[in-house]
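In: What follows is a protein structure lacking sequence information:
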Ligand code: SF4
């Protein structure tokens, strides 16, 4: 399961497949990470530096975090894509092909001027979350999406 949790300034990503429940996050920010709540991560329950610090303690890579930089991520099912906006300007997208019960991610791209801000990862996570909620099988043909969704990633800062 892939989920992202967004407040005005940051996005926290969580990949349940990587989480081995070391609970470092819970100890680091118990008001934010609470297994007894749904959703179990509340990114409005502590100051951002505290959340960031707790995320950095995750030993598995299940948690990661980026600043939003004022960029909004929307999802448009009729267009089969998630879309990044800076104000009214579209600056990135993650596109998929929908067929039967499968969504195939075919492209992820962000305007070069916005690189290095984690926007592409936010776009991929948004499509992934929506697919999982609809119980669609996800096939990442796009090489970037495949890297984000691989069991272990390296540099996901695009
Ligand atoms: S610190 Fe990481 S591995 Fe441990 S419970 Fe939290 S998310 Fe899972």
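Out: Okay, I see it. Note that the coordinates shown come from a computational prediction; the quantities given were computed from them, not determined experimentally. Numbers count the residues shown, from 1 in each chain.
In: how about the residues of the protein near the ligand?
Out: Residues of the chain lying close to the ligand by Cβ under 6 Å from any ligand atom are 19, 20, 21, 22, 23, 24, 25, 58, 59, 60, 62, 63. C-betas here are computed from N, CA, C, even on glycine.
In: For the closest residue to the last one other than its chain neighbours, the count of nearby residues, please.
Out: Counting by Cβ to Cβ, 6 or more residues apart in numbering, the nearest residue to residue 63 once its immediate chain neighbours are dropped is residue 55, at 4.6 Å. The local packing of residue 55 (other Cβ atoms under 10 Å) involves 24 other residues.
In: ok, now residue 9?
Out: What residue 9 shows, counting by other Cβ under 10 Å, is a neighbour count of 12.
In: got the contact list for it?
Out: With contact set as Cβ atoms under 8 Å, 6 or more residues apart in numbering, residue 9 has these partners: 48, 67, 68.
In: any chance of the residues you listed in a markdown table, plus secondary structure?
Out: Listed next are those as a markdown table, based on DSSP: H, G, I helix; E, B strand; the rest coil:
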| residue | secondary structure |
| --- | --- |
| 48 | helix |
| 67 | strand |
| 68 | coil |
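In: now residue 92: how far from residue 33?
Out: Residue 92 sits 29 Å away from residue 33, going by Cβ to Cβ, to the nearest Å.
In: With residue 47 instead?
Out: Note on residue 47: its distance to residue 33, by Cβ to Cβ, is 14 Å.
In: next one: residue 71
Out: Distance from residue 71 to residue 33, by Cβ to Cβ: 25 Å.
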